[in-house]
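Peer 1: quick one: sequence plus predicted model below, questions after.
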Amino acid sequence: MKKILFYNHTGQISGAERVLLMILERLDRSRLEPVVLCPASGRLMRMTTDLGIKTIGLDSLAARFTWRPDRLIRYVASFVRVIRAARAAVVKEAPDIIHANSIRAGLVMSAATVGLGMPVVWHAHDLLPRHPLSTMIRLCACASRRNQIVAISRAVAARFSGILLRWCHRRVPVTTILNAVDLKRFQPDSASRQEIRRALKVAEMEVLVGTVGQLTPRKGQHELIQAFAEVALAIPNAMLLIVGEPLFNRDTDYAHSLIRVANSLGVTNRIRFLGPREDVPAIMNALDLLVVNSRVEPFGLTVVEAMASGTPVLATAVDGITEIVSHGDDGWLVQARDHEALVKAMLTLLRDESLRQKLGRNGRIEAETRFSIERFLQEVEVLYSGVLNVGGMRDHTENARSFEPSLR
């Protein structure tokens, strides 16, 4: 049996952690023994422990893109502390492979395993910003042939690679494995739709728009509220649900600003802030339209969750979303930061039930075809097998790519 050490740099739960939990829950433990290393504070440690997996706690990693000297010093100090603790855990556990569940986690584990000879898989869930520090991250990735990059979309892969890794693709392969959703949890369910609408006191005659995700500027909830205010004037029975909470940085201030803008536009009675929810599959069924108004989006997990639920999706044509949605077929796309286009698209879709039904049906088919957990785990296990094979750090790449679904 081979041992895999999974490292997550934060204890908070967002998209990357949901994917990690999906892997852990379904990993073949007859062949692979998982150990999780993550911050002792936060929900992630409790959830991995509940899965019956050995979990080791350590400090959270404080690290952001900045040039402020005081913050850089603090972030470097945090890296040093976490790297020391991680190395001690790695030496004690002696895993055969390390799965670092973010770019930051990859940096930590690559440094923590210097001289130990263990392969490190960097699971890239984020788009590297166009920033000089991103070049330094690529250099760190290239520093060791033990590193393997796995991106959640081709957009993430291209941004991570930049010019440097395109030159060094044989030294540090970059593979794309698209995320997946649980098609049994997220599926059309008319009974669930009626039940959750009753619980939310939403009448069947009301047209329910929703957005699901962490409350942060890049998700565009502020602009969505502004667009919805115009939609509400034209469609008096429209309501908006905002599901999610602030998780990082100064997002709490942003969350408060959303309430203020709803008040200023006079639509407070038409908008419900539900906070974090454990019943997202039911919420998806309750909606007549899911809107994802992101400025940037590495993948778009909620897009696929809505599609799997048979809920029509209106999303911005950015990054990973364009690898998921085919405009007018299984979803509807608009340009990001285009207020008029967003309002027009919402009005078009809310006024045309047959169009919404078509998008919902096709979205479910697309989710079943391309985003099943079975496909995802198969690709992940091919990746692990390749990395674990003698000399497999290079040989597995083409095998893994052969499992990638073709993108339109």
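Peer 2: In hand now; what should we look at? Residues are numbered from 1 along each chain as shown.

Peer 1: quick one: end-to-end length of stretch 49-58, please.
Peer 2: 14 Å (CA to CA, to the nearest Å).

Peer 1: please disregard the earlier target; I meant stretch 92-101.
Peer 2: Start-to-end span of stretch 92-101 (CA to CA) is 20 Å.

Peer 1: measure how buried the closest residue to A16 other than its chain neighbours is and give me the count.
Peer 2: Leaving aside its chain neighbours, A16 sits nearest to H125 (4.0 Å; criterion: CB to CB, 6 or more residues apart in numbering). Using the backbone N, CA and C atoms, a C-beta is placed for each residue, glycine as well. Neighbourhood size, H125 [other CB atoms under 10 Å]: 24.

Peer 1: wait, H125 touches L301, no?
Peer 2: No: at 9.7 Å, H125 does not count as touching L301 under the criterion of CB atoms under 8 Å.

Peer 1: identify the contacts common to the two.
Peer 2: Common contacts of H125 and L301 (CB atoms under 8 Å, 6 or more residues apart in numbering): 15, 19.

Peer 1: any idea of the mean pLDDT in stretch 118-126?
Peer 2: Mean per-residue pLDDT for stretch 118-126: 95.

Peer 1: measure that stretch end to end?
Peer 2: By CA to CA, the extent of stretch 118-126 from end to end equals 24 Å.

Peer 1: element containing the nearest residue to R26 once chain neighbours are set aside, please.
Peer 2: Excluding its sequence neighbours, the residue lying closest to R26 (CB to CB, 6+ apart) is L377, at 5.8 Å. Assigned by DSSP states H and E, L377 belongs to helix 373-388.

Peer 1: what's the offset of the helix ranked longest in the chain from the middle of its chain?
Peer 2: The longest helix of the chain (DSSP state H) is helix 69-93. Helix 69-93 sits 25 Å away from the centroid of its parent chain (CA atoms, centre = their mean, to the nearest Å).

Peer 1: who does whichever helix or strand comes after it pair up with?
Peer 2: Sequence order places strand 97-100 as the next helix or strand after helix 69-93, per DSSP H and E. Strand 97-100 has these partner strands in its sheet, going by DSSP bridges: strand 2-7 (parallel), strand 120-124 (parallel).

Peer 1: quick one: closest of these to L240.
Peer 2: strand 120-124 (32.4 Å; CB to CB).

Peer 1: could you check the angle helix 69-93 makes with the closest one?
Peer 2: Inter-element angle recorded for strand 120-124 and helix 69-93: 130 degrees (by axes from the mean of the first three to the mean of the last three CA atoms, to 10 degrees).

Peer 1: so which residues make contact with strand 120-124?
Peer 2: Contacts of strand 120-124 (CB under 8 Å, 6+ apart): 16, 19-20, 97-103, 105-106, 109-110, 113, 141, 144, 146-152, 156-157, 160, 383, 387.

Peer 1: cool, and stretch 99-114?
Peer 2: Residues contacting stretch 99-114 (CB under 8 Å, 6+ apart): 4-10, 16-17, 19-20, 23, 61, 63, 79, 82-84, 86-87, 90, 98, 120-126, 128, 137, 140-141, 143-144, 146-147, 149, 160.

Peer 1: would you map the helices across the stretch 1-150 of the chain?
Peer 2: 15-26, 43-50, 69-93, 103-112, 132-142 (DSSP state H, counting those that start in this stretch).

Peer 1: before we move on, back to that, just how off-centre is the helix holding L377 within its chain?
Peer 2: 19 Å.

Peer 1: which among the contacts of strand 120-124 count as buried?
Peer 2: Among these, those buried by neighbour count (16 or more other CB atoms under 10 Å) are 16, 19-20, 97-103, 105-106, 109-110, 113, 141, 144, 146-152, 156-157, 160, 383, 387.

Peer 1: confirm A282 sits in a helix?
Peer 2: Yes: assigned with DSSP: H, G, I helix; E, B strand; the rest coil, A282 falls within a helix.

Peer 1: that one and V181: what is the separation?
Peer 2: Computed as CB to CB, to the nearest Å, the A282 to V181 distance reads 15 Å.

Peer 1: neighbour count: these two, which is higher?
Peer 2: A count of neighbours by other CB under 10 Å puts V181 above the other of A282 and V181, at 26 against 20.

Peer 1: what sits against the more buried one?
Peer 2: Neighbouring residues of V181 by CB under 8 Å, 6+ apart: 301, 304-305, 308, 367, 371, 373.

Peer 1: so which of these belong to helices?
Peer 2: Using DSSP H, the subset of those located in helices is 301, 304-305, 308, 367, 373.

Peer 1: whichever of these end up buried, select them in PyMOL.
Peer 2: In PyMOL, this line selects whichever of the ones in helices among the contacts of V181 come out buried by 16+ other CB under 10 Å:
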select buried, resi 301+304+305+308+367+373
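
Peer 1: need the contact list for the residue nearest to L301 when sequence neighbours are not counted.
Peer 2: Excluding its sequence neighbours, the residue lying closest to L301 (CB to CB, 6+ apart) is G15, at 4.8 Å. Shown in contact with G15 (CB under 8 Å, 6+ apart): 125, 179, 299, 301.

Peer 1: so how far is G244 from G15?
Peer 2: For G15 relative to G244 (CB to CB), the value is 11 Å.

Peer 1: thanks a lot, see you next time.
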